[in-house]
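>>> Return a 3D structure for these sequence lines:
(one chain, ligands or ions: 3)
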Amino acid sequence: MAQPVFHGPDHDHERCTADALAHAEALCAQRSQRLTPIRRQVLEVLLESHKPLGAYEIMDRTAPSGSRPAPITIYRALDFLRDNGLVHRIESRNAFVACVNNHAVGDLVVFLICEHCGAVGEAPSAAVAEQLKTAARGAGFRPKAPVIEISGICAHCQRHEQAG
Ligand SMILES: [Zn+2]
Ligand SMILES: [Zn+2]
Ligand SMILES: [Zn+2]
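Ligands and ions are numbered 1, 2, ... in the order given. Below you'll find the model as predicted:
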């Protein structure tokens, strides 16, 4: 089944969140990893939208009622979630976004970042990855995971621009 690359504001986000959490639980069980309460909380905070959040924003939202977890606790939870492909870091924003596309951890993902609404879409592309790695190897370089971030305007915001 083809997954939408970009989740517009009119999509069924509850479903999105439920699927992503179910996927996270299944994945952790399968790998004998524990989705501890703090790891789950951080993931839930990120799943509130498809917009990236900085570590401090995550921290604030993890404990709205007071006792904020220490930064190291948040970073450790983020490391775990990233290692398991449940969360991505958006380098250009120094922020994190929950992955709702079920792709392999090492896959090259092209991140599409909307400058208007801030939403992030993912377009996994094995073909692009191969070309980049070939180019890097051709230069005698040993590539790890390439990151591609493209900023622009999402389809929803484009429609808005035209309408307004
Ligand atoms: Zn969603
Ligand atoms: Zn992803
Ligand atoms: Zn947008």
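>>> what are the phi and psi values for S32?
Note on S32: backbone dihedrals following degrees, to the nearest 10 are phi 50, psi 40.
>>> Likewise for I74?
Dihedral angles of I74 (phi, psi; degrees, to the nearest 10) stand at phi -70, psi -40.
>>> Repeat that for V87.
Main-chain dihedrals, V87, degrees, to the nearest 10: phi -140, psi 150.
>>> How about the residues of the chain by ligand 2?
99, 101, 122 (CB under 5 Å from the ion). For every residue, glycine as well, the C-beta is placed using N, CA and C.
>>> Now do the same contact list for the second one.
Listed by CB atoms under 8 Å, 6 or more residues apart in numbering, the contact set of N101 reads 3, 5, 109, 122, 124.
>>> With pLDDT, distance to ligand 3 and secondary structure as extra columns, can I get the residues you listed in a markdown table?
Rendered in a markdown table, the data for the contacts of N101 read as follows (pLDDT from 0 to 100; distance: CB to the ion, whole Å; DSSP: H, G, I helix; E, B strand; the rest coil):
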| residue | pLDDT | distance to ligand 3 | secondary structure |
| --- | --- | --- | --- |
| Q3 | 58 | 18 | coil |
| V5 | 77 | 13 | coil |
| V109 | 86 | 18 | strand |
| E122 | 91 | 15 | strand |
| P124 | 76 | 20 | strand |
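>>> Farthest pair within those?
Across those, the longest distance by CB to CB is 12.3 Å; it joins Q3 and V109.
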